[in-house]
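Trainee: Test case, fold it:
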Amino acid sequence: MQAWIDFFTTDYGILSGVSIAAMLAGLGYFVWYVLKHVKEDTERHDRLLREAGKH
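Mentor: Now for the predicted structure:
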C-alpha cells in the first residue's frame, strides 16, 4: 500500500507514471502507424493484381 502512496504523491513516482504513460502512447502510435501502412500496402498489392489480371 505504501508503494501506491509513494507512486501517486512523490515527484519521482509521478515522473515514473508520466514516463509509463508516454511509453504506452508511443507504443500505441507505433502500432497504429504500422497497421495503417500494412493495410495500404495490402490494398495497393491487391489492386495491382486485379489490374494485371485484366490485361
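
Trainee: okay, now Ser16: neighbour count?
Mentor: Look at Ser16: counted by other C-beta atoms under 10 Å, it has 13 neighbours. In short, each C-beta sits where N, CA and C put it, glycine included.

Trainee: Check which helices and strands the longest helix seen in the chain sits against.
Mentor: When the chain is parsed with DSSP state H, its longest helix is helix 11-54. Using 3 or more C-beta pairs under 8 Å, 6 or more residues apart in numbering; DSSP states H and E as the contact test, the elements touching helix 11-54 are helix 2-9.

Trainee: any idea of the mean pLDDT for the helix it packs on?
Mentor: For helix 2-9, mean pLDDT rounds to 95.

Trainee: then it to PDB, C-alphas only?
Mentor: Listed next in PDB are the C-alpha coordinates belonging to helix 2-9 (Å, rounded to 0.1, in the frame of the first residue of the first chain):
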ATOM      1  CA  GLN A   2       2.800   2.400   0.800                       C
ATOM      2  CA  ALA A   3       4.200   1.800  -2.700                       C
ATOM      3  CA  TRP A   4       1.000   3.200  -4.300                       C
ATOM      4  CA  ILE A   5       1.000   6.100  -1.900                       C
ATOM      5  CA  ASP A   6       4.600   6.900  -2.900                       C
ATOM      6  CA  PHE A   7       3.800   6.400  -6.600                       C
ATOM      7  CA  PHE A   8       1.000   9.000  -6.600                       C
ATOM      8  CA  THR A   9       2.400  11.500  -4.100                       C
END
